[in-house]
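I need the structure of the sequence given here:
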Amino acid sequence: MILFFSLIRQLNWKNYINKVFFYLLGLNFTLIVLDSIIILLNGNDGIVASIILHTSIGVYFVLPPTFGLLWLYYVDMTIFNNRKRLIKLSIIPGIIFMINFGFVIASYFSDLVFNISETNVFTRGSNHYIVVLASFLTLMLANYDVLKNKEHVRKKEFGPLLLFSIPPVIAALILMAFNDVNMVWSSLVISELLIYIYIQSRITSTDFLTGLYNRREYETIIRDLSYMKQKSLTVSGIMVDINDFKNINDVYGHRIGDEILVHVSKLLKSTIRSQDYVFRIGGDEFVIVIISDKKDVVNEIMNRIELVVHDFNKQSPYDFSISLSLGKGIYDEHTYVDLPSFFEHLDLMMYDDKKYFKKNQE
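Numbers count the residues shown, from 1 in each chain. Sure thing, here's the model as predicted:
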């Protein structure tokens, strides 16, 4: 509840990934409440208590795989931010959920996952590990998604996404070894605290509208790179500005202007690698910071930008085309005083490109 109320005013509710996290919190809260109800009513032979106990136990054992599915959604949305992918990702967890559901229903008639005696005494069944296994498999699918798409995961996100499953896995092993020691749902609160810390970091380091890193994070990264010891790595950069953006806002309105900013952000993000960075540093200005052992990567990314912008304009829903002014370069410590002065130079190159664009428009 503390996590819920501390985040409810900070997050953008239009962003589906934030909704998924709150669904996770809600599901965990529900399971802890059900756990408490089962403990309180266990052995109570009243009719009302019996009905509530039987219902609570069924729901309690049906829901756990859903938690893994929601976590898989959160992971994949963090990596790709594409809701269309979630349908395909739901197939295997859906099968696991239905198998688990079948065992839970069958447990009302035989000693499988749980057993409820005639005096309403609840005990775990001889095959209670099935629910634990179903939940474990769905959580591991999320870890597999992280590892499989490692090249698309930001370095700051990789650790929190993998660490999430460790507390519940440890608690699940304890539960399987000692039937009456259930710390799974309490352990998930620890996992959610890890993600809460990650979300707080994301709030302070990312741009609210586009989800890209913001100017504050840009300055931090540039400062950190200034102390980089690996001489084999090269820092390159691209300054980006949207041409005629003021005119888009004036003619089509700020809502369309915001949509263009989001589209450009996604296009730029699609062109970089996991070790590179893209920032929105203000208005319609963006910066790409490239770290590589090859000097021609900046040209490869420039070519990709031209290609994705061209493809977007071909199928654009707008009656105008998106155009970008760019300034690119490779940092040379013998030419520039420091990294900030290097990026200031790229900024001047970008404005020269913008002047050239305006000249051709006249």
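
from the contact counts, what lies against the host helix or strand of residue 139?
Here residue 139 sits within helix 129-148, counting by DSSP states H and E. If you count contacts as 3 or more C-beta pairs under 8 Å, 6 or more residues apart in numbering; DSSP states H and E, helix 129-148 packs onto helix 64-80, helix 91-106, helix 155-163, helix 166-177. C-betas here are computed from N, CA, C, even on glycine.

got the angle for the first one vs helix 166-177?
Here the directions of helix 64-80 and helix 166-177 differ by 160 degrees (axes from the mean of the first three to the mean of the last three C-alpha atoms, to 10 degrees).

helix or strand next in line after helix 64-80, which one?
According to DSSP H and E, the helix or strand after helix 64-80 is helix 85-89.

check what contacts that next one and list those residues.
72-73, 76-77, 141, 145 (C-beta atoms under 8 Å, 6 or more residues apart in numbering).

now with 10 Å, please.
Identification of contacts with helix 85-89 by C-beta atoms under 10 Å, 6 or more residues apart in numbering yields 16, 20, 69, 72-73, 75-77, 79-80, 141-142, 145.

give the rounded mean pLDDT of it.
Averaging pLDDT along helix 85-89 yields 93.

stretch 18-38 too?
Rounded mean pLDDT across stretch 18-38 is 91.

report the backbone C-alpha coordinates of it in PDB.
The C-alpha atoms that make up stretch 18-38 are tabulated as PDB, following Å, rounded to 0.1, in the frame of the first residue of the first chain:
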ATOM      1  CA  ASN A  18       3.100   1.600 -15.100                       C
ATOM      2  CA  LYS A  19      -0.300   0.000 -15.100                       C
ATOM      3  CA  VAL A  20       1.300  -3.500 -15.200                       C
ATOM      4  CA  PHE A  21       3.400  -2.600 -12.100                       C
ATOM      5  CA  PHE A  22       0.300  -1.600 -10.200                       C
ATOM      6  CA  TYR A  23      -1.400  -4.800 -11.300                       C
ATOM      7  CA  LEU A  24       1.600  -6.600  -9.800                       C
ATOM      8  CA  LEU A  25       1.200  -4.700  -6.500                       C
ATOM      9  CA  GLY A  26      -2.600  -5.400  -6.400                       C
ATOM     10  CA  LEU A  27      -2.100  -9.100  -7.100                       C
ATOM     11  CA  ASN A  28       0.500  -9.400  -4.400                       C
ATOM     12  CA  PHE A  29      -1.700  -7.600  -1.900                       C
ATOM     13  CA  THR A  30      -4.600  -9.900  -2.900                       C
ATOM     14  CA  LEU A  31      -2.600 -13.000  -2.300                       C
ATOM     15  CA  ILE A  32      -1.300 -11.800   1.100                       C
ATOM     16  CA  VAL A  33      -5.000 -11.100   2.100                       C
ATOM     17  CA  LEU A  34      -6.100 -14.500   0.900                       C
ATOM     18  CA  ASP A  35      -3.200 -16.100   2.800                       C
ATOM     19  CA  SER A  36      -4.400 -14.300   5.900                       C
ATOM     20  CA  ILE A  37      -8.000 -15.400   5.400                       C
ATOM     21  CA  ILE A  38      -6.900 -19.000   5.100                       C
END
